[in-house]
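Asker: Curious how this folds, go ahead:
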Amino acid sequence: MGNSSQAHDQMNKFGQEALEAVDLGESKKLVVGLPWYTKSQWLATKSYCMDPESFFNSYADWRREADKAIVEISNRGLEVKLLPIYIETFKGWCNYHHMQPNKTARRRFTNYLLKRER
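Answerer: Numbering: from 1, shown residues only. Now for the predicted structure:
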């Protein structure tokens, strides 16, 4: 699963929640879930989370790097699934799972959304 490892490295470089590539069964296509924010949702998530320093300085910076990550991951033969993040849903998920709102919670929440898509 070298492509999965490469995708994981790219997501870490991107600075967002590193995700596992998921095998979607018969197609054998690996899919990488990418948290996707509108500007207002990104700002709300950044202000809600306990680790705002782990976010890019601005939404524009995040979006520029997200677009680069999509291209680079796709060029490795992996499918990118954009997963909309809504702060109220994330808050509820964190509360239900007794998780602090941080990078680990964002990664797990995004993985949850990706697996739910299958």
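Asker: Could you list every helix and strand in contact with the longest helix anywhere in the chain?
Answerer: Ranked by number of residues, the top helix in the chain under DSSP state H is helix 59-75. Judged by 3 or more Cβ pairs under 8 Å, 6 or more residues apart in numbering; DSSP states H and E, helix 59-75 is in contact with helix 2-14, strand 30-36, helix 39-48, strand 79-84. For every residue, glycine as well, the C-beta is placed using N, CA and C.
Asker: can you list the weak-confidence ranges in this structure?
Answerer: Within the chain, the ranges that satisfy pLDDT under 70 run 1-28.
Asker: Now with 50, please.
Answerer: 1, 3-4, 6-7, 9-13, 15-18 (pLDDT under 50).
Asker: Residue 77 and residue 92, how far apart?
Answerer: Per Cβ to Cβ, to the nearest Å, residue 77 is found 35 Å from residue 92.
Asker: Same question for residue 36.
Answerer: Between residue 36 and residue 92 the distance is 18 Å, computed by Cβ to Cβ.
Asker: Show me which of the two is the more surrounded one.
Answerer: Neighbours per residue (other Cβ atoms under 10 Å) separate residue 36 from residue 92, with residue 36 holding more: 19 against 11.
Asker: any idea what sits nearest the more buried one, other than its immediate chain neighbours?
Answerer: residue 82 (4.1 Å; Cβ to Cβ, 6 or more residues apart in numbering).
Asker: How about the contacts made by the one you found?
Answerer: Shown in contact with residue 82 (Cβ atoms under 8 Å, 6 or more residues apart in numbering): 34, 36, 70.
Asker: Not including adjacent chain positions, what is the nearest residue to the last one?
Answerer: Same thing as residue 70. residue 80 (5.1 Å).
Asker: same for the helix or strand hosting residue 111, what does it pack against?
Answerer: Element membership for residue 111, per DSSP states H and E: helix 103-117. Using 3+ Cβ pairs under 8 Å, 6+ apart, the elements in contact with helix 103-117 are strand 30-36, strand 79-84, helix 87-96.
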